[in-house]
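Participant: What would the 3D arrangement of this be:
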Amino acid sequence: MPPGVQLLIPLLVWALQVPPPSPSSSAEAGPALQRAAVLVQQGRLDEADRQAQIALGDPTTKAGAYSVLGAIRYQQKRLDESAAMLQKAIQIEPKLVGARLNLAEVYSDQGKSAEALLMFQKVLELDPSNALARLAVARDETTKGQYAKSWALLQPVLDQVKTSPDGLLVLATDSLKLGHRQATTSFAAEWMRLSDVPQQWSVSFALVLIQGGAVQDGIDVLEHAKGTAPASYELAFNLGSAYLVKGDVAKALTAYDEALAVQPDAVQALQQAAATAEQQNELERSLSYWMRLKKLRPDDPATLHGFGRVCLKMDLLDDAEPALTKAASLKPADPAYQYTLAAAKVGKRQFDAARALLEPLVAAHPNEAQLHYALGSVLYLEGRLPDAAEHLQASVRLQPDQLAANYYLALVARDQGQDAEAIERLQKVLAQHPEHAPSCEALGGLLMNAQRYPEAEAQLRTAIRLNPASVKANYQLGLLLARMGKKDEADKQLELAKSLRKEDEATSRLQLRLLEQAP
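Facilitator: Predicted coordinates:
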């Protein structure tokens, strides 16, 4: 049952279950007891109290009077008095089922769950067909993980139990645990036929479905609840998470935005939305969420790290570096924080600083392929080719089929004059990653130097198709066409290369993209 929510079965119905007046009752007592019960139902508690007091004076109606007075005290939130009066009613008439049901509810409100359960169990002994007692005992079995026992308890009163939210909640839990998926779907449909169900209950019911694997049924329940009243924050947030489980990211983000419209400063919703948008490469959208979080939690390391990481992916290095520096200082033992800061340092061509961050990480985690690659790539950028090769080879030993380290090993071989080895490595890389533009570009250049012109042309044209703005690929293709005697085409290609914007940080930004994955 959702926390803080009471059973939706009206207590007043139970209060009317008073014994009929005895033929020996006084002329006043019997009618007074009946009037008291009706007045309780109408909410006229003071008048009901006076009538019950009249019935209290007659031994034949005394038990019923105490039962009604107990219900009245319950409605007045006077729980101790309510319990005392209901206990007196049961002492006088042990078979008074209504009083026992009311007393069980009082015990529940007092936090006396064991006493409440015993009372419900006693009701079942007296009246095995009682749906309220069966539901209460079944709920206890469900909380203990005895789903088959709970399911069996509810079958004789299934039609009655399905008309209440708490009944459907227990049934759905049991059916999911027992693998009755078709029954679960029918319970979801029953739920949506109920009227006036608080949204908090619908959220709780949907979460049972979603956590049990009935994700679409849970989404249907939440969408239905959203259509009956303005969505609460809890409903919209959980709907977003449900769509995320289903894999519908667009609807998940829409739901998170709806949650934030209700509660703009909700940290959890902002975090979920930011991470989801980032995973979908909607970086501007992700950054907007991180910026809102950063205003709310300017010194939170996770927020600073998320903000800096997205800035890094967007090449907003001047914004990324201070955020990541602060995050790393707040989390000095977290490898992911130090690693991302190292990526920012690479982006700003601060290779010494990047290496200083990566070397302790490699020492602490010698079996992490990604860390060896990162350090190797930085050493390559510093021109320290033997050291770079050592770490890149270690990375490949730990993770043979990876793209990045194999690509850099090819560049190391090329720069050391080992063109044949470089060509072989790049060909292997492209066999597994044919859409990797930098490998196509590097291989094209090597093949051109080896005078393997048709192969070189094919690789350079692929590189341009994958990255039309590459100055180097366009320029190399122009040179190649000139060598092949295609002067007019070569001139056009070289002119195109000159017209393209040359970015001084192109190489470092390539490394930035390769470094952005956390170890």
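Participant: alpha carbons only for contacts and neighbour counts from here, please
Facilitator: Will do.
Participant: which element follows the helix or strand bottoming out on mean pLDDT in the chain toward the C-terminus?
Facilitator: The helix or strand of the chain with the poorest confidence is helix 11-15; it has a mean of 39 (mean pLDDT, DSSP states H and E). Counting by DSSP states H and E, the next helix or strand C-terminal to helix 11-15 is helix 29-42.
Participant: in the helix or strand following that next one, what counts as buried?
Facilitator: With elements assigned by DSSP H and E, the helix or strand that comes after helix 29-42 is helix 45-56. Using 16 or more other Cα atoms under 10 Å as the burial criterion, the residues of helix 45-56 that qualify are 45, 48-49, 51-56.
Participant: Check stretch 484-493 too.
Facilitator: For stretch 484-493, by 16+ other Cα under 10 Å, it's 490, 493.
Participant: What of stretch 329-343?
Facilitator: Buried-residue list, stretch 329-343, by 16+ other Cα under 10 Å: 330-331, 335-343.
Participant: ok, now stretch 348-355?
Facilitator: Under 16+ other Cα under 10 Å, the buried positions of stretch 348-355 are 348-351, 354-355.
Participant: do the same with stretch 56-75
Facilitator: For stretch 56-75, by 16+ other Cα under 10 Å, it's 56, 58-75.
Participant: quick one: the closest residue to residue 484 other than its chain neighbours from residue 412, how far?
Facilitator: When the adjacent residues along the chain are set aside, residue 484 lies closest to residue 453, with 7.4 Å between them (Cα to Cα, 6 or more residues apart in numbering). Separation of residue 453 from residue 412 (Cα to Cα, to the nearest Å): 23 Å.
Participant: Show me which of these two is the more surrounded one.
Facilitator: residue 412 (24 against 18; other Cα atoms under 10 Å).
Participant: hang on, isn't the more buried one packed against residue 385?
Facilitator: Yes - shown here, residue 412 and residue 385 form a contact pair, counting by Cα atoms under 8 Å, at 6.1 Å.
Participant: TSV for the buried residues of stretch 329-343, including pLDDT and secondary structure?
Facilitator: As requested, the buried residues of stretch 329-343 are exported to TSV (pLDDT from 0 to 100; DSSP: H, G, I helix; E, B strand; the rest coil):
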residue	pLDDT	secondary structure
330	96	helix
331	94	coil
335	92	helix
336	92	helix
337	95	helix
338	95	helix
339	94	helix
340	94	helix
341	95	helix
342	94	helix
343	92	helix
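Participant: From the recorded domain assignment, give the ranges for this protein.
Facilitator: 1-127, 366-430, 434-513 (automatic domain parsing).
Participant: mind checking which of those domains is nearest residue 293?
Facilitator: domain 434-513 (24.4 Å; Cα to Cα).
Participant: Give me the distance between the closest one and the centre of its chain.
Facilitator: 44 Å (Cα atoms, centre = their mean, to the nearest Å).
Participant: Measure how far stretch 211-220 is from the centre of its chain, please.
Facilitator: Offset of stretch 211-220 from its chain centre (Cα atoms, centre = their mean): 13 Å.
Participant: buried set for that stretch?
Facilitator: Applying 16+ other Cα under 10 Å to stretch 211-220 flags 212-220 as buried.
Participant: about what we covered before: which single one of the buried residues of helix 45-56 is nearest to residue 187?
Facilitator: Nearest member of the buried residues of helix 45-56 to residue 187, counting by Cα to Cα, is residue 45, at 37.1 Å.
Participant: Distance of the residue nearest to residue 484 relative to residue 419?
Facilitator: 15 Å.
Participant: and if you look at residue 266?
Facilitator: 56 Å.
Participant: which of those two has more neighbours?
Facilitator: The residue with more neighbours, out of residue 266 and residue 419, is residue 419; 20 against 16, by other Cα under 10 Å.
Participant: isn't residue 445 right up against residue 475?
Facilitator: No - with contact defined as Cα under 8 Å, residue 445 does not reach residue 475; the gap is 10.3 Å.
Participant: who has more neighbours, these two?
Facilitator: For residue 445 and residue 475, the more surrounded residue by other Cα under 10 Å is residue 445, and the numbers stand at 25 against 20.
Participant: Contacts only, for that one.
Facilitator: With contacts defined as Cα atoms under 8 Å, 6 or more residues apart in numbering, residue 445 is in contact with 456, 460, 476.
Participant: which residues touch the second one?
Facilitator: Right, residue 460. By Cα under 8 Å, 6+ apart, the neighbours of residue 460 are 440-441, 444-445, 473-474, 476-477.
Participant: what comes up buried for stretch 439-452?
Facilitator: 439-448.
Participant: how about a markdown table for the domains of the chain, with distance to residue 152 added?
Facilitator: Formatted as a markdown table, these follow (distance: least, Cα to Cα, whole Å):
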| stretch | distance to residue 152 |
| --- | --- |
| domain 1-127 | 14 |
| domain 366-430 | 52 |
| domain 434-513 | 58 |
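Participant: which one of the ones you listed lies closest to residue 287?
Facilitator: domain 434-513 (17.1 Å).
Participant: Leaving out sequence neighbours, find the closest residue to residue 263.
Facilitator: residue 233 (6.5 Å).
Participant: quick one: the closest residue to residue 54 other than its chain neighbours from residue 55, how far?
Facilitator: Computed as Cα to Cα, 6+ apart, the closest residue to residue 54 that is not its neighbour in sequence is residue 29, at 6.0 Å. From residue 29 over to residue 55 the distance is 4 Å, taken as Cα to Cα.
Participant: Quickly list what's touching both of these two.
Facilitator: What both residue 29 and residue 55 touch, as defined by Cα under 8 Å, 6+ apart, is the set residue 61.
Participant: For residue 141, which non-adjacent residue is closest in space?
Facilitator: Nearest non-adjacent residue to residue 141 (Cα to Cα, 6+ apart): residue 150, at 5.4 Å.
Participant: contacting residues around the one you found?
Facilitator: Per Cα under 8 Å, 6+ apart, neighbours of residue 150: 137-142, 174.
Participant: Kindly report the same for residue 464.
Facilitator: 437, 470, 473-474.
Participant: Would you convert these into JSON lines that also reports secondary structure, pLDDT and neighbour count?
Facilitator: Converted to JSON lines, those look like this (DSSP: H, G, I helix; E, B strand; the rest coil; pLDDT from 0 to 100; neighbours: other Cα atoms under 10 Å):
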{"residue": "437", "secondary structure": "helix", "pLDDT": "94", "neighbour count": "23"}
{"residue": "470", "secondary structure": "coil", "pLDDT": "89", "neighbour count": "21"}
{"residue": "473", "secondary structure": "helix", "pLDDT": "93", "neighbour count": "27"}
{"residue": "474", "secondary structure": "helix", "pLDDT": "93", "neighbour count": "26"}
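Participant: List the residues that contact residue 157.
Facilitator: With Cα under 8 Å, 6+ apart, residue 157 has these contacts: 129-131, 134.
Participant: Give me the buried subset of those residues.
Facilitator: Applying 16+ other Cα under 10 Å to those flags 130-131, 134 as buried.
Participant: thinking again about what came up before, which neighbours do residue 445 and residue 475 share?
Facilitator: Counting by Cα under 8 Å, 6+ apart, nothing touches both residue 445 and residue 475.
Participant: So, low pLDDT: which residues of the stretch 401-519 of the chain?
Facilitator: For the stretch 401-519 of the chain, residues meeting the criterion pLDDT under 70 lie at 501-519.
Participant: Same check on the stretch 1-150 of the chain?
Facilitator: Residues of the stretch 1-150 of the chain that meet the cut-off, pLDDT under 70, sit at 1-27.
Participant: 90 instead?
Facilitator: Confidence mapping of the stretch 1-150 of the chain against pLDDT under 90 gives the ranges 1-34, 36-43, 48-49, 51-52, 55-61, 63-64, 75, 96, 98.
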